Structures are given as C-alpha cells and as structure tokens.
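Model the structure of this input:
(3 chains)
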Amino acid sequence: MNTFEKIYSIVSMIPPGKVATYGQVAFMVGNPRLSRVVGYALHRNPSPETIPCFRVVNRFGECSGSFAFGGEDAQRVLLEEDGVSFIGNRVDMKKCQWTGEMI
DNA sequence: CGAGTGACAGGAC
DNA sequence: TGTCCTGCCACTC
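Sure thing, here's the model as predicted:
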C-alpha cells in the first residue's frame, strides 16, 4: 500500500454530503505533511469514477481555482448535489467536514 | 540521481 | 480565513 494508494482509498471513502481537506486526508494517510502529495495524487486522479476528488478541498473549504471537473462551479454543483451546504463560495466546513469517524 | 514543481498546511502579522 | 513565508513529500525531467 503506497502513499498514493492510501490517499485514493481514503478519498474514495468520503461519504456523500461530506467533504475533506487535503490536510485531513494527509493526516489519515499517516503524515499530516503529505497535503501537497494529496493534491498531487488528486491531480493525477487515475480513476475519477471511483475517486471523488471534488469532495477534497483546501482548508478554506474551497478549491484552488478552475481546473478538473470542468471548472470551479462544477465542483460546487457536484457538492450541492451530494447535499453539501455552501456558505458564499465555500463549503460549510462546520457541518460538512468529514471527520472520518462517521463511516 | 539532482533540481524543479505542485489541486497544500500551519504559524505569524 | 486576509496575506506572507516556510516545510514537507512524491513525481517528472
């Protein structure tokens, strides 16, 4: 089980209606400082079908900008479809941040 | 194998 | 959650 495998496994474990931060995923992987690698792993995203990368956001609860999914708005729509609440342009981390203990 | 790079986090101001 | 600076890990050339 490589670091990337762990990252993909954890990301695919995120339940609908919840989001996780890169730091959160990195922490669950075992190294809180793997946040950059988490972003890199999702950037590679070998299996977009099984890896809901749109459920992974930065600590602010938003995406870095327009990239995959087809745009930043696309991610917002996808999360809203999942039941994630939004506050302005960010995710309601208070209610939708995945702790990893809910699954 | 060294240097550069990246979808970040955390602390300080 | 504003901005600036630093650290860290894995991957590519």
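
How many residues are close by A:Met93?
Taking other C-beta atoms under 10 Å as the criterion, the count of residues near A:Met93 is 18. The C-beta positions use only the backbone N, C-alpha and C, and glycine is treated the same way.

these two touch, right, it and A:Gly61?
Yes - under the contact definition of C-beta atoms under 8 Å, A:Met93 touches A:Gly61, with a separation of 4.5 Å.

overlap in contacts of those two?
Common neighbours of A:Met93 and A:Gly61 (criterion: C-beta atoms under 8 Å, 6 or more residues apart in numbering): A:Val19, A:Thr21.

how about A:Pro46, secondary structure?
A:Pro46 carries the three-state label coil when classified by DSSP: H, G, I helix; E, B strand; the rest coil.

Now for it: which residues touch it?
Contacts here follow C-beta under 8 Å, 6+ apart; on that basis A:Pro46 touches A:Tyr8.

can you pull the pLDDT of it?
pLDDT, the model's per-residue confidence, is 86 for A:Pro46.

So it versus A:Ile7, what's the distance?
Noted for A:Pro46: a distance of 11 Å to A:Ile7, by C-beta to C-beta, to the nearest Å.

what's the spacing between the helix or strand bottoming out on mean pLDDT in chain A and its chain's center?
Across the helices and strands of chain A, the lowest-confidence element by mean pLDDT, DSSP states H and E is helix A:72-82, at a mean of 87. Averaging C-alpha positions (C-alpha atoms, centre = their mean, to the nearest Å) puts helix A:72-82 12 Å from its chain's average.

I appreciate the help and will end here.
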